[in-house]
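> let me see the structure of the following:
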Amino acid sequence: MTKERQDRDMQSQVLYNGIELPADWPPRQQALDREPMRVPYLESPPGVIPIDIGRQLFVDDFIVKETTLKRTYHRATFHPASPVVTYDRPWEQEEPAPFAAVFSDGVWYDPTDGLIKMWYCGGYLSATCYATSADGVHWDKPLVGSRGQTNVVMQHRRDSSTVWLDHGEEDPAYRFKMFTTLRQDGWRLALHCSADGIHWSEPLATSPRIGDRTTVFYNPFRKVWVYSLRTSQPGTGRSREYREHPDPVAGMRWPGEDKVLWVSADRLDPHHPKFPEIEPQLYNLDAVAYESIILGLFSIHQGPPNQECDRLGIQKRNEVLLGFSRDGFHWHRPDRRPFLGVTEQEGDWNWGNMQSAGGCCLVVGDKLYFYVSGRKRTDQFRDGWGSTGLGTLRQLSVKSGTPSPSKSAGSIDASISTSNSLPSTIVPLADGTVAWPTRRSAPLTGS
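Reported below is the predicted structural model:
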């Protein structure tokens, strides 16, 4: 066991919401299976639950002792302008197929200049490009890149990537962080940093070998970077391993024992309607702190295998589902319908292969904006033709409650609205709390 893990294991930690993490953290398990993940803090909630950080979302029974309400989970709807970013530049249309799609990457509101900024895969897995927007719907591709008169900010043969706007970073040169999966004697994660999101450093650190669709997110409640590592496991196929570290550079270097098996698709996840015999797999997991929880976007792969996609000339079926966590590790996933799904309709930008964006969502006025990529089906190279769409959801309307049929009529809706039309984002403060810089809100208090 490494000294890092020994030091971490010496004491338990009580979280902002009263959950006490065990001394041996993160939890270890011998294998993954297809049973839904157990959530210890729902099975045995803390005796006292502080509610002074973030609005309390009733996505589970964590702070509910009893109720006569029935939860209804809402799904995002695609903005009619979707796709909002597509392959309309020559460098995005190079062989083997056009591509202008978030493959995680990142979409962030930058308060320094009041712009929403997007990093996306431009050209099929050949570069990272940069776009900006004032409203999140209409996008510009400024010619500021490293490749002549283009919006390419990094030319590299890449796979998955995560760009994170680190509001807690003290050194401006490291404000933006890009974790990119590159092929270097197998797939490895490389960390680059930037002051402006345009000019990037050489790699500051490179990881051991990983799976290709690896991503990263920051957990401000515990002040750790979480490495969502793609792995393949017996019985569950594509799955996730977990690695955490308070330092993003040191966190890129780990011995095998400092990552643990984490989560996979399970028996409740949707199956492909045309290939029902294929068991779903967890293609990717992006996450972000939202209000008082960690919000997870699960890309669920439903098949068919790549070889069959090649033979049939179709895209694989990935759809994005929601999950919620209060300790950053265990996931409650009560709704297994696609939150953002594919159509398999000829000509649609999202015929197949839906993928989430790094950072997951933005708060824009009274709505949440979810950027996702989808891929069109063509008779040419089947894995390209990716573009980026926008799903919207009224803020905090992930779920609403209605009384059980035997109770009196009425309803409770968990959504709220604000008159502020400016975008805002979630900022980790120095003490681990969460704030929204362009909207003032009084914190909840009590226990």
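> CA only for contacts and neighbour counts going forward, please
Fine.
> I'd guessed residue 198 sits against residue 131; true?
No - counting by Cα atoms under 8 Å, residue 131 is not a contact partner of residue 198; they are 10.1 Å apart.
> quickly list what's touching both of these two.
Common contacts of residue 198 and residue 131 (Cα atoms under 8 Å, 6 or more residues apart in numbering): none found.
> let's verify residue 125: helix, strand, or coil?
Under DSSP: H, G, I helix; E, B strand; the rest coil, residue 125 falls in the coil class.
> now it: closest residue in space, sequence neighbours ignored.
In space, and not counting its chain neighbours, residue 125 is closest to residue 158: 5.2 Å by Cα to Cα, 6 or more residues apart in numbering.
> the one you found: neighbour count?
Per other Cα atoms under 10 Å, the neighbour tally for residue 158 reads 20.
> pull the contacting residues for it.
Here residue 158 is in contact with 125, 126, 127, 180, 181, 182, 183 (Cα under 8 Å, 6+ apart).
> switch to 10 Å and redo it
Going by Cα atoms under 10 Å, 6 or more residues apart in numbering, residue 158 touches 121, 124-128, 180-183, 187, 189, 212.
> over to residue 165?
Neighbouring residues of residue 165 by Cα under 10 Å, 6+ apart: 106-110, 117, 174-178, 194-197, 218, 359, 427.
> what is it paired to in the beta sheet?
residue 176 (DSSP bridges).
> can you identify the element that follows the lengthiest strand in the chain toward the C-terminus?
Secondary structure of the chain per DSSP state E: the longest strand is strand 352-364. Later in the chain than strand 352-364, the nearest helix or strand by DSSP states H and E is strand 367-375.
> dump the residue contacts of residue 344.
Counted by Cα under 10 Å, 6+ apart, residue 344 has contacts 314, 315, 317, 350, 351, 352, 353, 375, 376, 377.
> separation between it and residue 138?
26 Å (Cα to Cα, to the nearest Å).
> now residue 358
Separation of residue 358 from residue 138 (Cα to Cα) stands at 19 Å.
> between these two, tell me which one has more neighbours.
Neighbours per residue, other Cα under 10 Å: of residue 358 and residue 138, the larger number sits with residue 358, 31 against 11.
> give the contact list for that one.
Residue 358 neighbours (Cα under 10 Å, 6+ apart): 102-108, 118-120, 161-164, 215-217, 285-288, 297, 370-372.
> how about low-confidence regions in this structure?
Scanning the chain for pLDDT under 70 picks out 1-12, 145, 396-447.
> now do the contacts for the spatially most central residue of it.
Centroid-nearest residue in the chain: residue 286, 2.2 Å away (criterion: Cα atoms, centre = their mean). Residue 286 makes contact with 104, 162, 214-217, 227-228, 295-299, 355-360, according to Cα under 10 Å, 6+ apart.
> same thing with residue 244?
25-26, 216-219, 223-228, 251-252, 254, 258-260.
> try residue 318
Each residue near residue 318 by Cα under 10 Å, 6+ apart is listed here: 272, 280-284, 298-304, 338, 340-342, 352-355, 374.
> rerun that using 6 Å as the cut-off
Contacts of residue 318 were listed using Cα atoms under 6 Å, 6 or more residues apart in numbering, and they are 299, 300, 301, 353, 354.
> same question, residue 315
Contacts of residue 315 (Cα under 6 Å, 6+ apart): residue 352.
> pretty sure it belongs to a helix, no?
No - secondary structure of residue 315 (three-state DSSP): coil, not part of a helix.
> please tell me how far it sits from residue 29.
Separation of residue 315 from residue 29 (Cα to Cα): 33 Å.
> can you count the residues close to the spatially closest residue to residue 343 that is not a sequence neighbour?
In this structure, residue 343 finds its nearest non-sequential neighbour in residue 351, 5.1 Å apart by Cα to Cα, 6+ apart. Applying other Cα under 10 Å, we find 23 other residues in the vicinity of residue 351.
> can you check residue 126 too?
With other Cα under 10 Å as criterion, residue 126 counts 20.
> same check on residue 80?
Residue 80 - counted by other Cα under 10 Å - has 11 other residues nearby.
> any figure for the gap between it and residue 389?
Distance from residue 80 to residue 389, by Cα to Cα: 9 Å.
> tell me how far the closest residue to residue 391 other than its chain neighbours lies from residue 299.
With sequence-adjacent residues excluded and distances taken as Cα to Cα, 6+ apart, residue 391 is closest to residue 78, at 4.2 Å. Residue 78 sits 17 Å away from residue 299, taking Cα to Cα as the criterion.
> do residue 38 as well
20 Å.
> looking at the two, which is more packed in?
A direct count of neighbours by other Cα under 10 Å for residue 38 and residue 299 places residue 299 higher, at 26 against 11.
> that's a strand at the more buried one, yeah?
Yes - assessed by three-state DSSP, residue 299 belongs to a strand.
> show the contacting residues for the residue nearest to it when sequence neighbours are not counted.
In space, residue 299 comes closest to residue 320 once its chain neighbours are excluded; the distance is 4.5 Å by Cα to Cα, 6+ apart. Applying Cα under 6 Å, 6+ apart to residue 320 gives the contacts 298, 299, 338, 339, 340.
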